[in-house]
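[1] After the sequence you'll find the predicted model.
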Amino acid sequence: MPKRHPRPETLALHPRTGSAPQRGPVATPIYQSATFRFLNSDMDQDRPVSEVLGDRFYTRYGNPTNSAAESFLAELEGGEAALVFSSGMAAITSAILSAVRAGDHVLAQRELYGGAFDFLIRWLPRFGVAVSFVPVADPAEFAAAIRPTTRLLYLESPSNPTLQVAALAELTAMARRRGILTFVDNTAASPINQRPLELGADLVVHSASKYLAGHSDVVAGAAIGSRALIDALRDERTVLGGCLDPHAAWLLLRGIKTLGVRMDRHNQNALELARFLEGHPRVRRVHYPFLESHPQYALARAQMRGGGGLLSLELRGKGGEARRFVESLKLFAQAPSLGGVESLVTIPASTSHAQLSQVERQEAGISDNLVRLSVGLEHIDDLTADIEHALRAAVEEVVS
């Protein structure tokens, strides 16, 4: 009988990396130490002491608690190795900088998280790297936009906040044929719902503050991929200093253990709420990849196990409805971030994408009346009732 590969829900609790000791703590200890002692003999090697000691030298280089989190993440995403960072943006920026040099070109989808878009369009050109954007819905536009100097294809699927879906297998294959690396932000899906490495991606990045940690109590980032890419990225992290605190790594580990059951509830609640909103006369449009009305529904169902807990909606009206809606909600806390156990709400035009110009937001499909919901684990009846109340308070009754 062939050996069965454990599913991600099981790997989140029992990673196969290394052998389990017969005795020892069930929970990973926190190595809350900035530095570690070493011996004179450690200096008698042909390598730097930092390489000899690995994760027991100085925490900017590595830490045993962080290493445990990295082993879990590598297993979850199906990668050879992983690194944790001080934030999702630290992971994204370090990963991109590790892959390009002055004179290179980065090709990215237009629909991106605001922080990533800001780095690509305003910061990367300072280092002599050209960047161009194309709509994610048309893979042919990516092929047409490739240049001889293109070194990196950067994708985010589903995208935040309009939930656009990238054709990962098609785009990664196109990039690989041309010798171009593909990095995918898998934050909104999580490794439970989507596995970009299995679809051809070279590197996966996460804001681990979101679904991976899952409790709105830690800021962290992660990158997972081949050992060669991770080794190159490790040097970038060490120099730029985006290391994760060991206690934050421990919180991340604790959160990962419940990722499977949490994502099941996120998927269920968000889909039911999206269907309710889609049929509501005071809602103009709902963005959620597992709605049959989503233009990339078939693609989403083909490459994702669930739609995730993030959705966005556009309200009917002439202006001001989004703010009144958000202010009328009781269970959805008005706060940035997503992926926690509690439901959150934001208006992207004034939060996650506020640094973009009005034109840039319009090109990305982000109107001032767009509302983003991070659907938590509360009972769906209570969430629906809260949404219904807020819609009645915010949007005038639609006369048919």
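    That came through fine.

[2] can you give me the helices for the stretch 101-250 of the chain?
    Here the stretch 101-250 of the chain has its helices, by DSSP state H, counting those that start in this stretch, at 114-118, 139-145, 168-177, 190-193, 227-240, 246-256.

[3] Mind checking what secondary structure residue 366 has?
    Here residue 366 is coil, with the state taken from DSSP: H, G, I helix; E, B strand; the rest coil.

[4] from what I can see it touches residue 347, true?
    No: assessed by CB atoms under 8 Å, residue 366 is found out of contact with residue 347, at 9.6 Å. Every C-beta, even on glycine, is put in place using the N, C-alpha and C of the backbone.

[5] Of all the helices of the stretch 101-250 of the chain, which one is nearest residue 294?
    Of all the helices of the stretch 101-250 of the chain, helix 190-193 sits nearest to residue 294, with 14.8 Å by CB to CB.

[6] Now do the closest one: distance to the chain's middle.
    The chain centre lies 10 Å from the centre of helix 190-193; the measure is CA atoms, centre = their mean, to the nearest Å.

[7] List the residues that contact residue 63.
    Contact analysis of residue 63 by CB atoms under 8 Å, 6 or more residues apart in numbering lists 31, 33, 55-56, 243, 246, 249.

[8] what do you get for residue 245?
    The neighbours of residue 245, taking CB under 8 Å, 6+ apart as the test, are 59, 86.

[9] what about it, distance to residue 65?
    In this view, residue 245 and residue 65 are 9 Å apart by CB to CB, to the nearest Å.

[10] Tabulate the helices of the stretch 101-250 of the chain in a markdown table, adding columns for mean neighbour count.
    Putting those into a markdown table (neighbours: other CB atoms under 10 Å) gives the following:
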| stretch | mean neighbour count |
| --- | --- |
| helix 114-118 | 20 |
| helix 139-145 | 15 |
| helix 168-177 | 19 |
| helix 190-193 | 26 |
| helix 227-240 | 16 |
| helix 246-256 | 23 |
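
[11] could those go into a markdown table alongside mean pLDDT and distance to residue 86?
    Conversion of the helices of the stretch 101-250 of the chain to a markdown table gives the following (pLDDT from 0 to 100; distance: least, CB to CB, whole Å):
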| stretch | mean pLDDT | distance to residue 86 |
| --- | --- | --- |
| helix 114-118 | 93 | 14 |
| helix 139-145 | 95 | 31 |
| helix 168-177 | 98 | 27 |
| helix 190-193 | 98 | 20 |
| helix 227-240 | 96 | 9 |
| helix 246-256 | 97 | 8 |
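
[12] right, and those - which one's nearest residue 12?
    Among the helices of the stretch 101-250 of the chain, helix 246-256 sits nearest to residue 12 (CB to CB), with 5.1 Å.

[13] Show me what the very next helix or strand once past the closest one is packed up against.
    Downstream of helix 246-256, the next assigned helix or strand under DSSP states H and E is helix 259-278. Under the contact criterion of 3 or more CB pairs under 8 Å, 6 or more residues apart in numbering; DSSP states H and E, helix 259-278 touches helix 8-11, helix 190-193, strand 283-287, strand 310-315, helix 380-394.

[14] give me that answer again for 6 Å
    With contacts taken as 3 or more CB pairs under 6 Å, 6 or more residues apart in numbering; DSSP states H and E, helix 259-278 sits against helix 190-193, strand 283-287, strand 310-315, helix 380-394.

[15] Tell me what angle the following helix or strand past the third one forms with helix 380-394.
    Same thing as strand 310-315. Using DSSP H and E, the helix or strand that follows strand 310-315 in sequence is helix 321-328. Interaxial angle, helix 321-328 versus helix 380-394 (axes from the mean of the first three to the mean of the last three CA atoms, to 10 degrees): 130 degrees.

[16] mind listing what's buried in helix 321-328?
    321-323, 325-326, 328 (16 or more other CB atoms under 10 Å).

[17] would you list those residues in TSV and tack on pLDDT and distance to residue 314?
    Listed next are the buried residues of helix 321-328 as TSV, based on pLDDT from 0 to 100; distance: CB to CB, whole Å:
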residue	pLDDT	distance to residue 314
321	90	9
322	90	9
323	91	14
325	95	11
326	95	13
328	96	17
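
[18] so which strand or helix has the residue nearest to residue 234 when sequence neighbours are not counted?
    Leaving aside its sequence neighbours, residue 234 sits nearest to residue 83 (CB to CB, 6 or more residues apart in numbering; 6.1 Å). Using DSSP H and E, residue 83 falls within strand 81-85.

[19] CA atoms of that strand as PDB?
    C-alpha atoms of strand 81-85 as PDB (Å, rounded to 0.1, in the frame of the first residue of the first chain):
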ATOM      1  CA  ALA A  81      12.300  25.400   3.700                       C
ATOM      2  CA  ALA A  82      10.700  28.500   5.200                       C
ATOM      3  CA  LEU A  83      11.600  31.800   7.000                       C
ATOM      4  CA  VAL A  84       9.600  33.900   9.400                       C
ATOM      5  CA  PHE A  85       9.700  37.700   9.500                       C
END
